[in-house]
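J.: Could you work out the structure for the sequence below:
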Amino acid sequence: MTVHSAAARDRGSSDKRERILAAAERIFARRGFFAARVSEIAKDAGVADGTIYLYFKSKDDLLISLFESRMKQVNEVLRAAIAELPPSDQLSAFIRAYLRLVHDEPAAAEVLTIELRQSSKFMKEYENPQFADFLRMLGGIIAAGQQRGELDPTIPSHVAARMIFGMLDELALAWVLAKQPIRSSTISAPTPGTRPKKFDIVRAADWVVALVTSGLDRRPNKETSP
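T.: You can find the predicted model right below:
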């Protein structure tokens, strides 16, 4: 086998793996993780059923690999979004870029916010290296702001990073659920009349930035009694 033919084979293998991941994202978003069948994913990807298992050990492994691939892409976009900005603008740019990704990639947003929670292997066993990188990036931005005296230093930066992600994740979840029917296999349906209304998740980034940087308290400062 020549070097060129080996390289072509590797590219073909990589392309097929990416096709399977893309198909899994579509099927998981459409059918839900539990209801989705490997045969459906294979058909959508244009491969034989058995081919899936040449690349992934199980449906759980496929879901985890999809998460890792997507989070790697998310981290690359976020790094690019803050790369050329002054440090004081990086936190707001990070938040806005993340919610813009949610808006632009609704199928991926559903898989990351809903379907991943249906995998016990993901929740209990997976170490989440790409998500750890996400938190380190966000925590580093916060720590730098604390060192400059712009952000409250009393909250540990790694804890603040998780708090901010919690807000972003909940907004993404509410937005995804508002855009399509809630499946009983993934999350309990709300009482009639309480379904979240559609909202502009890109605009919501401004609200998150305001809450993180200024808080909700608008009461005038009062001098403390001696």
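J.: quick one: buried residues of the lowest-mean-pLDDT helix or strand in the chain?
T.: Lowest mean confidence among the helices and strands of the chain (mean pLDDT, DSSP states H and E): helix 120-124, at a mean of 72. Buried residues in helix 120-124, defined by neighbour count with 16 or more other C-beta atoms under 10 Å: Phe122. For the C-beta atoms, the positions are set from N, CA and C on the backbone; glycine is no exception.
J.: Okay, now the unreliable bits of this structure?
T.: 1-13, 123, 179-197, 220-226 (pLDDT under 70).
J.: All the helices of it, residue numbers only.
T.: 3-31, 38-45, 49-55, 59-83, 87-104, 106-113, 120-124, 129-147, 157-179, 201-214 (DSSP state H).
J.: So which of the ones you listed is the most surrounded?
T.: Counting by mean count of other C-beta atoms under 10 Å, helix 106-113 has the highest mean neighbour count of the helices of the chain, with a mean of 21.
J.: For it, name the packing helices and strands.
T.: Contact analysis of helix 106-113 by 3 or more C-beta pairs under 8 Å, 6 or more residues apart in numbering; DSSP states H and E lists helix 3-31, helix 59-83, helix 87-104, helix 157-179 as its packing neighbours.
J.: Now do the contacts for the residue nearest to Ile164 when sequence neighbours are not counted.
T.: Of all residues not flanking Ile164 in the chain, Val212 sits nearest, at 6.0 Å (C-beta to C-beta, 6 or more residues apart in numbering). By C-beta atoms under 8 Å, 6 or more residues apart in numbering, the residues touching Val212 are 91, 95, 164, 167.
J.: dump the residue contacts of the closest residue to Ala81 other than its chain neighbours.
T.: Distances taken as C-beta to C-beta, 6+ apart place Ala97 nearest to Ala81, at 3.8 Å, with adjacent residues excluded. Going by C-beta under 8 Å, 6+ apart, Ala97 touches 77-78, 81-82.
J.: Tabulate those residues (CSV), appending distance to Asp60.
T.: What follows is these, written out as CSV (distance: C-beta to C-beta, whole Å):
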residue, distance to Asp60
Val77, 26
Leu78, 26
Ala81, 31
Ile82, 33
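J.: Brilliant, that's me finished.
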